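>>> no sequence for this one, just the structure:
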């Protein structure tokens, strides 16, 4: 593409950015460009992910306000994902927007040389609202940067290399923070990561004590323990009540620093200004981000005491950032703190959580597909029996205008993480819709299972010999995952049907033009397929120039009912039974 073409394209984009309303032709152009851009220039994997959690994977967001947002075609969504926790004060809160605009009217970025006033004033404000003697701040652009800085500060202060994290933890995906993150799928492609990071079970203080003691005993000195007050991405996991007090005692005993990752739990999310306040424990270093910027600007921080910050004082350039703590971001953070205090959002979070969570638990008690509902304040996790159920519930809620998503570490758990300004009527709508969607998913699951046979797995009988793995004709280890109590077994192909692979489609629309039953249509900037009126003629498959439309068939790894696993199991932990209800 020439510079002239690039200029024309950028001019067209700037033109639509300037508009509050678009006509139908402009909407179609934006939707088409968005899909093509993700497919060809960003990452087509996001399109596939969207298909798994929504009934309209090509939904393009356009504007937001209050407790939700509107897509480019005017469909409104109640935001119960909250941008993974950034919208505590709501979408585009007027006071935060005003602060940002006022600062932009005077200065956007700082010189890097002179003293910028808002960085100093925000640091003072953070010292005023954080517990204990956490009086010194360093401002970053994101949560992972805050964690990186905290880990460096801990090593600088202690002179020790080791870090203790936990199983199920999520602290970010840059090199250092990823080393503390627990999920194998994120870590494995980048190994080896930062050396000296160990993971222990979350909530088990005694194991942590033993690991720290053993590490010091063999000369592997530990600088810090890093913990989330509640494991958010891990599935909204709340530790035992006395856990953090015991960890604090262990850290003090071994002179190890305690880092609290409050990136998701901070700024009122859990019914306290900071999650650590639930345990009456003050960390040595605290990490902030997400809602810290008021849902308008990206900004994070790591905060500590004067004593711990001392070694950064002689050379303030030891750890720096170009954009962290810029005037516009600081203005947003100052306004966010002001709004949280003025509107009493911490108390609102507690009261709304006290209303919301028990009612969700009531739904869970009568819905066999939901294992548990848990949380604090307005950080709530809904755990289902398997990933597939979670995906179906997320799709059902999306179809009713409610946005949720799974957590990154535990895919069976859906997060309910709305703005702290959500109304009681909106919470009631979520409750009503969740119950309706679960009833629908339960009926579908029961209808699919009735009359078929399943493998039943009793984990308490399993001795871990893995003979079933060796016997499996499909070589499918997931069939024998101890966390699954039962799995459907089928010898038939998935219903023929069609699959449209959006990442390679160039929207030539030949399939739409030739379909004799109008089973394939082009609407709202995307291809849609109605399986119920498809005659399985496969004209679209034959005519597609890019093999985008394909027949869905059973793939490798699907159980073929050979029953070798049942025959080989020495303890009868695996049985094969008919589903009758």
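Great, that's in hand. Quantities reported herein were computed from a predicted structural model and do not represent experimental measurements. Numbers count the residues shown, from 1 in each chain.
>>> what ranges do the helices span in the stretch 1-150 of the chain?
3-17, 24-37, 45-53, 82-85, 94-104, 117-129, 143-158 (DSSP state H, counting those that start in this stretch).
>>> could you check the angle helix 24-37 makes with the first one?
Yep, that's helix 3-17 we're talking about. Relative orientation of helix 3-17 versus helix 24-37 (axes from the mean of the first three to the mean of the last three C-alpha atoms, to 10 degrees): 120 degrees.
>>> helix 3-17 packs against which elements?
Counting by 3 or more C-beta pairs under 8 Å, 6 or more residues apart in numbering; DSSP states H and E, the packing neighbours recorded for helix 3-17 are helix 24-37. All C-beta atoms are positioned from the backbone trio N, CA, C, and that covers glycine.
>>> now the helix it packs on: buried residues?
27-28, 30-31, 33-35 (16 or more other C-beta atoms under 10 Å).
>>> that helix packs against which elements?
helix 3-17.
>>> repeat that with 10 Å
On a contact count with 3 or more C-beta pairs under 10 Å, 6 or more residues apart in numbering; DSSP states H and E, helix 24-37 meets helix 3-17, strand 61-65, strand 526-529.
>>> nearest to residue 306, of those?
strand 61-65 (39.8 Å; C-beta to C-beta).
>>> that closest one pairs with which strands, parallel or anti?
Strand 61-65 has the following strand partners under DSSP bridges: strand 68-71 (antiparallel).
>>> tell me the SS of residue 265?
coil (DSSP: H, G, I helix; E, B strand; the rest coil).
>>> now do the contacts for it.
85, 228-232, 272, 274-278, 288, 290-291, 376-377, 379 (C-beta atoms under 10 Å, 6 or more residues apart in numbering).
>>> so which of those belong to helices?
Using DSSP state H, the subset of the contacts of residue 265 located in helices is residue 85.
>>> okay, and for the stretch 451-581 of the chain, where does confidence drop off?
Low-confidence segments of the stretch 451-581 of the chain (pLDDT under 70): 451-455, 459, 466, 469-507, 522-527, 530-533, 535-537, 546-564, 567, 576-581.
>>> mean pLDDT lowest for which of the helices and strands packed on helix 24-37?
Sorting the helices and strands packed on helix 24-37 by mean pLDDT places strand 526-529 lowest, at a mean of 66.
>>> determine the next helix or strand in the C-terminal direction from that one.
As assigned by DSSP states H and E, the chain's next helix or strand after strand 526-529 is helix 539-543.
>>> buried set for that next one?
In helix 539-543, counting by 16+ other C-beta under 10 Å, buried: residue 540.
>>> which strand or helix spans residue 210?
helix 205-217.
>>> and for that helix, what's in contact with it?
160, 162, 164, 166, 196, 198-202, 204, 220-222, 225, 227, 239-240, 242-251, 253-256.
>>> change it to 7 Å
162, 164, 198, 200-201, 222, 225, 243, 246-247, 250, 254, 256 (C-beta atoms under 7 Å, 6 or more residues apart in numbering).
>>> which helix in the protein runs the most residues?
helix 424-449.
>>> so where's the stretch 1-150 of the chain shaky on pLDDT?
For the stretch 1-150 of the chain (pLDDT under 70), the answer is 51-57.
>>> quick check: domain ranges of this protein?
54-89+345-447, 94-342, 453-492+557-578 (automatic domain parsing).
>>> and the second one, how far from the chain's centre?
Pointing back at domain 94-342 there. Centroid separation between domain 94-342 and its chain, computed with C-alpha atoms, centre = their mean, to the nearest Å, is 18 Å.
>>> let me have the domains of the chain in JSON lines, extended by distance to residue 1.
Formatted as JSON lines, those follow (distance: least, C-beta to C-beta, whole Å):
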{"stretch": "domain 54-89+345-447", "distance to residue 1": "23"}
{"stretch": "domain 94-342", "distance to residue 1": "29"}
{"stretch": "domain 453-492+557-578", "distance to residue 1": "42"}
